[in-house]
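In: Sharing a sequence plus its predicted fold:
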Amino acid sequence: MKRMLMFFLAALISVSFVGAALAIEQGNKRKGKYIYRKVYKACNERGEVDTPKPPLNPDAKTQAQWTQVFEQGKFDEFGCKPEWEQLSEEDKSNIYTYLYAHASDSPTPLKCK
């Protein structure tokens, strides 16, 4: 009986870790990085911002804060509103995955270069 209980708990823990990993990796972080930079390049060419470099680095927020920003859909702090409005849900998901994966409390925090 004890052996069966241990097997059940191990299986439950394994399934929860796999589920959590799949929930986080929604988009493609490489595409997200490219799209994130492309938004600000287009915004710079239009003259709204002075530099094509994104104003927020991925490590500017924690993973929970990035999740909150994208769940609420409040992209005002990013600027370049017309460009953000034109992004598809897939593009936003890719950007979210990139920012989330390199947030300040992630295993690999990253600044845009």
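Out: The structure has been received and is ready for your questions.

In: Can you get me a residue count around residue 101?
Out: For residue 101, the number of neighbouring residues by other Cβ atoms under 10 Å comes to 21. Where you see a C-beta, it was placed from the backbone N, CA and C, and this is true even at glycine.

In: show me what contacts it?
Out: Contacts for residue 101 were tallied using Cβ atoms under 8 Å, 6 or more residues apart in numbering; they are 29, 58, 108.

In: And the residue nearest the centre of the chain?
Out: Geometric centre of the chain, nearest residue: residue 96, 2.3 Å, by Cα atoms, centre = their mean.

In: how close does that residue get to residue 69?
Out: 8 Å (Cβ to Cβ, to the nearest Å).

In: Okay, residue 68 and residue 102: tell me how far apart.
Out: 17 Å.

In: ignore the last one, residue 109
Out: For residue 109, the distance to residue 102 - Cβ to Cβ - is 6 Å.

In: Residue 95 too?
Out: Distance from residue 95 to residue 102, by Cβ to Cβ: 11 Å.

In: More neighbours: which of those two?
Out: Between residue 95 and residue 102, counting by other Cβ under 10 Å, residue 95 is the more crowded of the two (28 against 22).
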